[in-house]
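**Q** sequence first, predicted model second:
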Amino acid sequence: MVAQTFVVEGVTINCKSVLPTASRIASDCDGESSFGVFTLNLDHVVKLRRSADFRAAYRAARYVTADGFPIVWAGRLTGANVNRVAGSDLIEPICAEAAGSGQSIFLFGGSLAALTGAARHLQGRFPGLKIAGICAPEAQFNPTPERVASYARQIADSGAKICFVALGAPKQEVFSALAINQTTGVAFVCIGAGLDFLAGVQARAPQWMQDAGVEWLWRLVCNPQKLARRYLECLLVLPHVLLQSSSGWRRVAKLRWNW
């Protein structure tokens, strides 16, 4: 039987593709508990090793997907049939589900220009989609419990069932982990620069680069000063992540053979 989950850096990752994941997230919003949706990549692995708050946030997430081909490779080394699901790729499928079911969404984070542009794009793409609110927090926003509680009340009062959080890691994950305790039945979906892409504020890598697993190269060329050091750190942790997964697969295979 093919595994439905696998583990990287202590984080359990779901293997399903974009559409089933989006459908499950939307259906879970009918429950009483709020929950987080995160997307693990190598940069997050680096941050998990450094930040206790970030690790605690990941432990509180209900769904974690494999964002980035190194995480996909790690999953496949364990024998899992894993698909890449980036936060940006979840936005439109979730909105399609929300438009069909009458659920409303909330856009949080980034700039006002990105939020309004993304809202315009999504309502044009999905007629009938209800956008309960948008909110761009103050510059240098820090997700302290007090500030998160204030914004969480705004999101809860809007009636939104799905909140797309575009703050970048680790802020968006820490924000979501705190906000799920301040709301009821809201999915906090961390999507990084996803709203910027929809609004045209940032250009995403061409589809062929996404499919080839080299979207990181596009980002590096577009912003080398910001990303060069980050990607070097990711490169340094990659062998350990793959080795852990490969070793885990060998242990599983040995157990099966002995059985």
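**A** Nice, thanks for sending it over. Numbers count the residues shown, from 1 in each chain.
**Q** and the helices in this structure?
**A** Defined through DSSP state H, the helices belonging to the chain, from first to last, are 18-28, 42-48, 52-60, 69-77, 87-101, 112-125, 145-158, 171-179, 194-199, 207-212, 215-222, 224-258.
**Q** CA atoms only for the second one - export them in CSV, please.
**A** As requested, C-alpha coordinates have been extracted for helix 42-48 and formatted as CSV (Å, rounded to 0.1, in the frame of the first residue of the first chain):
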residue,chain,number,x,y,z
LEU,A,42,13.9,23.7,2.2
ASP,A,43,13.9,27.3,3.4
HIS,A,44,11.3,26.2,6.0
VAL,A,45,13.5,23.3,7.0
VAL,A,46,16.3,25.8,7.7
LYS,A,47,14.0,27.9,9.8
LEU,A,48,12.6,24.9,11.6
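**Q** packing partners for it?
**A** On a contact count with 3 or more Cβ pairs under 8 Å, 6 or more residues apart in numbering; DSSP states H and E, helix 42-48 meets helix 52-60, helix 224-258. Heads up, the C-betas are built off the backbone N, CA and C, glycines and all.
**Q** kindly report the same for the third one.
**A** Secondary structure elements in contact with helix 52-60, counted by 3+ Cβ pairs under 8 Å, 6+ apart, are strand 35-40, helix 42-48, helix 171-179.
**Q** may I see the ones you listed organised as CSV, with mean pLDDT, distance to residue 79 and mean neighbour count added?
**A** Formatted as CSV, those follow (pLDDT from 0 to 100; distance: least, Cβ to Cβ, whole Å; neighbours: other Cβ atoms under 10 Å):
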stretch, mean pLDDT, distance to residue 79, mean neighbour count
strand 35-40, 98, 18, 26
helix 42-48, 97, 20, 22
helix 171-179, 98, 28, 25
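**Q** got the ones you listed as CSV, with distance to residue 156 columns?
**A** Listed next are the helices and strands packed on helix 52-60 as CSV, based on distance: least, Cβ to Cβ, whole Å:
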stretch, distance to residue 156
strand 35-40, 14
helix 42-48, 27
helix 171-179, 9
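**Q** if we can go back for a sec, tell me which of the helices of the chain lies nearest to residue 134.
**A** When the helices of the chain are compared for distance to residue 134 using Cβ to Cβ, the nearest one is helix 112-125, at 4.2 Å.
**Q** which secondary structure elements does the closest one contact?
**A** Here helix 112-125 is seen to pack against helix 87-101, strand 104-109, strand 130-135, helix 194-199 when contacts are counted using 3+ Cβ pairs under 8 Å, 6+ apart.
**Q** repeat that with 7 Å
**A** Packed against helix 112-125, as judged by 3 or more Cβ pairs under 7 Å, 6 or more residues apart in numbering; DSSP states H and E, are the following elements: strand 104-109, strand 130-135, helix 194-199.
**Q** kind regards, and thank you for your time.
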